[in-house]
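In: A structural model of the following input is requested.
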Amino acid sequence: MKTQIEHRMLGQSVEFENIQRTAKIMSATDVTVLIQGESGTGKELMAKFIHAQSKRNTAPLVTINCAALPEALAESELFGHSKGAFTGAISDQQGRIQSAHNATLFLDEVGELPFNVQAKLLRFLECGECQTIGQTKTEKVNVRVIAATNRDLYAEVKKGNFREDLFYRLNVVPLTLPSLRERQSDITLLINHLSAQLAAKHCLDVPRYSVKALEHCQRYTWPGNIRELKNFCERMVVLLSGKTIAVENLPHEIKVETETKTTNSFALPDGGVILEQVEAQLIHQAMDKSHGNQSKAARLLGLTRSALVYRIKKYTLKKNISLPLQG
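Out: Numbers count the residues shown, from 1 in each chain. Reported below is the predicted structural model:
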């Protein structure tokens, strides 16, 4: 039961259901997956979901936070070292990759991995061989790799911060998680689920939300995504257990942003507009502001990347706008 709760992916929006279907297909294989998305969108939860659905689910999911690895120790943490291999190596140490033999290795924030370690990781991904520091021989390790990042790795490649060959080796099956502002239809579902889960955790009664309060929550952009929503639900559960949450009970940032949006809504000119022309111009502006990055342009417009690409093709903007393969 614990696995079902922790590894359950909630969402009924079309975009999220498509992602879940893709994730289930990938789970049946050992293909390398690159999960992309803003901070707080649930990349680690998606990795757990894929692992739990896979044939390796009886083994542990070995997680490495690449951002937390000290550069001097990153290679040792990943590949292990022998006693005396370097100053401070007082005993043999198995690397995280070896410990994930016959299991799944989750490389969280892989974009933060030191450049000098990336070449060795690439070799491992290419041939499945792992060389411990201080040893001349290599060993075969059977590992399924899932990587995640909140960075635009393609842009990092262009800047010279990430190896191009490693990027393409990780990017076998890319999976981009939508931000919460792209999943407005899922807000109520997530609030109800998280509130019930957190109320049970704290042994408290579940609060109820007024219609107006839920409307405010659906209009809010949730810059911290699922992580911010969970913190919000926990605050409401603890402070307003069993009560009805009204608009005045909502955090200041939610009330201010949603009220500002209502006040500053678009005013239709007396002469009217041609809607397709307005939309086409906004897409042009978003592509310009994002320097051609489709994912960033989609976020500026409150769309999914696939919806943006559809609109670009619809308005034949591809004649005037370069459509990058990545973004």
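In: just checking, next helix/strand downstream of the one helix or strand in the chain whose mean pLDDT sits lowest?
Out: Using mean pLDDT, DSSP states H and E, helix 2-6 stands out as the lowest-scoring helix or strand of the chain, at a mean of 38. Remark: after helix 2-6, the chain's next helix or strand is helix 14-27, criterion DSSP states H and E.
In: what packs against that next one?
Out: When contacts are defined as 3 or more CB pairs under 8 Å, 6 or more residues apart in numbering; DSSP states H and E, helix 14-27 packs onto helix 43-53, strand 173-176. All C-beta spots, glycine's among them, are computed from the backbone N, C-alpha and C.
In: buried sites along stretch 220-233?
Out: 220, 221, 222, 224, 225, 226, 228, 229, 230, 232, 233 (16 or more other CB atoms under 10 Å).
In: can you check stretch 45-56 too?
Out: Going by 16+ other CB under 10 Å, stretch 45-56 has these buried residues: 45, 46, 47, 48, 49, 50, 51, 52, 53, 54, 56.
In: TSV for these, including distance to residue 132 and pLDDT?
Out: Formatted as TSV, these follow (distance: CB to CB, whole Å; pLDDT from 0 to 100):
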residue	distance to residue 132	pLDDT
45	32	93
46	31	94
47	25	95
48	28	94
49	32	94
50	28	95
51	25	95
52	30	93
53	32	92
54	27	94
56	23	95
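In: so can I have a markdown table of the residues you listed showing distance to residue 200?
Out: A markdown table is the format used below for the buried residues of stretch 45-56 (distance: CB to CB, whole Å):
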| residue | distance to residue 200 |
| --- | --- |
| 45 | 18 |
| 46 | 23 |
| 47 | 25 |
| 48 | 20 |
| 49 | 21 |
| 50 | 26 |
| 51 | 25 |
| 52 | 21 |
| 53 | 25 |
| 54 | 28 |
| 56 | 30 |
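In: Could you single out the nearest of the residues you listed to residue 76?
Out: Of all the buried residues of stretch 45-56, residue 76 sits closest to residue 47, with 23.4 Å by CB to CB.
In: picking up where we left off before, between the buried residues of stretch 220-233, which sits nearest residue 314?
Out: Closest to residue 314, out of all of the buried residues of stretch 220-233 and judged by CB to CB, is residue 221, at 25.7 Å.
In: my guess is that closest one meets residue 183, correct?
Out: No. Assessed by CB atoms under 8 Å, residue 221 is found out of contact with residue 183, at 11.5 Å.
In: and this protein, what are its domains?
Out: 2-178, 183-263, 275-319 (automatic domain parsing).
In: Please identify which of those is closest to residue 269.
Out: Among the domains of the chain, domain 275-319 sits nearest to residue 269 (CB to CB), with 10.5 Å.
In: Could you pull up the mean pLDDT of that closest one?
Out: The predicted model assigns domain 275-319 a mean pLDDT of 79.
In: for stretch 26-34, same thing?
Out: Rounded mean pLDDT across stretch 26-34 is 94.
In: quick one: terminal-to-terminal distance for it?
Out: End-to-end span of stretch 26-34 (CA to CA, to the nearest Å): 11 Å.
In: Next, the buried residues of it.
Out: Those would be 26, 27, 32, 33, 34, for stretch 26-34 by 16+ other CB under 10 Å.
In: Hmm, residue 169 and the fourth one touching each other?
Out: No. Using CB under 8 Å as the test, residue 33 is too far from residue 169 to be in contact (11.9 Å).
In: residue boundaries of the strands in the stretch 101-250 of the chain?
Out: Using DSSP state E, counting those that start in this stretch, the strands of the stretch 101-250 of the chain run over 103-108, 129-130, 139-140, 143-149, 173-176, 208-209, 244-245.
In: Of the ones you listed, flag the one that's most buried.
Out: Most buried of the strands of the stretch 101-250 of the chain, by mean neighbour count (mean count of other CB atoms under 10 Å): strand 143-149, with a mean of 25.
In: Can you point out the buried residues in the helix or strand containing residue 313?
Out: Using DSSP H and E, residue 313 falls within helix 305-314. For helix 305-314, a neighbour-count test (16+ other CB under 10 Å) marks 305, 308, 309, 311, 312 as buried.
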